[in-house]
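*Asks:* The sequence and its predicted three-dimensional model are supplied below.
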Amino acid sequence: MSLPRSSPPSALPRWRGPLLLALAGVLWGTGGFAGAFLQQLTGIHPIATACYRLLAGGVLAVVALGVSGQLRGLPRSPAVLRRVAAAGVLLAAFQACYFAAIAVSSVSLATLIAIGSVPVFVTCAAAVLERRLPRPTLLAAVCCGVLGLVLLSGDPGGDVPPGRVALGVGCALGAGAAFAALTLVNRRPVPGLDPLRVTALGCLLGGTLLVPLAAATGMTFTPTLPAVGVLLYLGLAPTALAYLAYFGGMRTTPAPVAALAVILEPLTATVLSLLLLGEVLTPTGTVGAVLLFGAILLEYVRPPRR
């Protein structure tokens, strides 16, 4: 009598991390449109938009915790407190540095440096921490992604004076370093602190830290129905759900590979611009978009190890 054949293991666990990370990148790509629409409706400063975004995302994630019963029994160990504090401070630093770069230079330059530097920072830091060189495919994916972002951005400096360009580059590098640190800090889970709890508490703390800066720039607005609706979307999709997917995907994915998810943000924003705003992509931009997509395929879509 022959023994029954065992069914092959499901491929879902292997794809779970990359799928969550890709979802995070796509959701972040919708955040720019939502934030710009909110500013158009309310007239608030971009820093205030970032503050409201983190606060709304944190509140919505806390509501999810309450509905699921996860607010009870939240551990208060030193490790949990350190992780939540680090997440909140780094989220606030990323938002503040990124919008400061936009204010002194341009959106394209800030995005190019901030987003492009994240996988580079994480790959280099991981190589130092792990005391080994990155895999050739990972290096190729990072280089491909950065080059694609450069081509997609076109002329990021524009007519900005050199002094402001230098200051913008510094602020954008600070934003990239903050997000890279957020990725490295959260690469190992803390007992009792799942991705939803990290998202909820980190966003709430980050938004609270930004309140003084946002108040100084002006954050009051008339809460009309469209404005509230856009704010809720901004807090839910590109913030709470995006960071929940990112922190969740990092649990089964190396930090340098996880950092590549950020390049899906400008790629998604470009696709939305083509579909919704009727913008036309230049030949150089088309090559850049293809390279960005190729970077994701090169590292995320790999055959399983045997």
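*Replies:* Arrived safely.

*Asks:* Could you point out which residue ranges in the stretch 51-200 of the chain have low pLDDT?
*Replies:* Residue ranges of the stretch 51-200 of the chain with pLDDT under 70: 155-160.

*Asks:* Please enumerate the helices of it.
*Replies:* 78-104, 107-130, 136-153, 162-185, 195-217 (DSSP state H, counting those that start in this stretch).

*Asks:* Contacts for the last one, please.
*Replies:* Think helix 195-217. 44-45, 47-48, 50-59, 61-62, 64-65, 68, 70, 74, 83-85, 87-92, 95-96, 186, 239-240, 243-244, 247-248, 251 (C-beta atoms under 8 Å, 6 or more residues apart in numbering). For every residue, glycine as well, the C-beta is placed using N, CA and C.

*Asks:* if I look at the closest residue to Val89 other than its chain neighbours, how far off is Ala79?
*Replies:* In space, Val89 comes closest to Leu209 once its chain neighbours are excluded; the distance is 6.8 Å by C-beta to C-beta, 6 or more residues apart in numbering. Leu209 is 21 Å from Ala79, where distance means C-beta to C-beta, to the nearest Å.

*Asks:* same check, this time on Ala178
*Replies:* Using C-beta to C-beta, Ala178 is found at 21 Å from Ala79.

*Asks:* which of these two has more neighbours?
*Replies:* Neighbour count, other C-beta atoms under 10 Å: between Ala178 and Ala79, Ala178 has more, with 23 against 12.

*Asks:* Surely the more buried one and Cys97 touch.
*Replies:* Yes - counting by C-beta atoms under 8 Å, Ala178 does reach Cys97; the two are 6.1 Å apart.

*Asks:* quick one: common contacting residues for those two?
*Replies:* Counting by C-beta under 8 Å, 6+ apart, nothing touches both Ala178 and Cys97.

*Asks:* Which one, of the helices of the stretch 51-200 of the chain, ends up nearest to Phe293?
*Replies:* Nearest to Phe293, of all the helices of the stretch 51-200 of the chain, is helix 136-153, at 7.9 Å by C-beta to C-beta.

*Asks:* what angle separates that closest one from helix 107-130?
*Replies:* For helix 136-153 against helix 107-130, the angle by axes from the mean of the first three to the mean of the last three C-alpha atoms, to 10 degrees is 170 degrees.

*Asks:* Mind listing what's buried along stretch 137-151?
*Replies:* Applying a neighbour-count criterion of 16 or more other C-beta atoms under 10 Å, one finds Leu138, Ala141, Val142, Cys144, Gly145, Val146, Leu147, Gly148, Leu149, Leu151 buried in stretch 137-151.

*Asks:* now what about it, what contacts it?
*Replies:* In contact with stretch 137-151 (C-beta under 8 Å, 6+ apart) are residues 112, 115-116, 119-120, 123, 134, 256-257, 260, 263, 266, 284-285, 287-296, 298-299, 302.

*Asks:* buried subset of the residues you listed?
*Replies:* 112, 115-116, 119-120, 123, 134, 256-257, 260, 263, 266, 285, 288-289, 291-296, 298-299.

*Asks:* Specify which member of the buried residues of stretch 137-151 is nearest to Pro191.
*Replies:* Set against Pro191, the nearest of the buried residues of stretch 137-151 by C-beta to C-beta is Leu138 (29.0 Å).

*Asks:* Grab the nearest non-local neighbour of the most centrally placed residue in the chain.
*Replies:* Taking C-alpha atoms, centre = their mean, the centroid of the chain lies closest to Val262, which sits 5.4 Å from it. Leaving aside its chain neighbours, Val262 sits nearest to Val118 (4.9 Å; criterion: C-beta to C-beta, 6+ apart).

*Asks:* Please tell me how far that neighbour sits from Trp28.
*Replies:* Separation of Val118 from Trp28 (C-beta to C-beta) stands at 11 Å.

*Asks:* intersection of neighbour lists for these two?
*Replies:* Counting by C-beta under 8 Å, 6+ apart, the common neighbours of Val118 and Trp28 are Val262.

*Asks:* and these two? which has more neighbours close in?
*Replies:* Val118 (30 against 24).

*Asks:* How far away from the center of its chain is the longest helix seen in the chain?
*Replies:* Longest helix in the chain by number of residues (criterion: DSSP state H): helix 12-42. Relative to its chain's centre, helix 12-42 lies at 8 Å (C-alpha atoms, centre = their mean, to the nearest Å).

*Asks:* Likewise for stretch 141-158?
*Replies:* Taking C-alpha atoms, centre = their mean, the mean C-alpha location of stretch 141-158 is offset from the chain mean by 17 Å.
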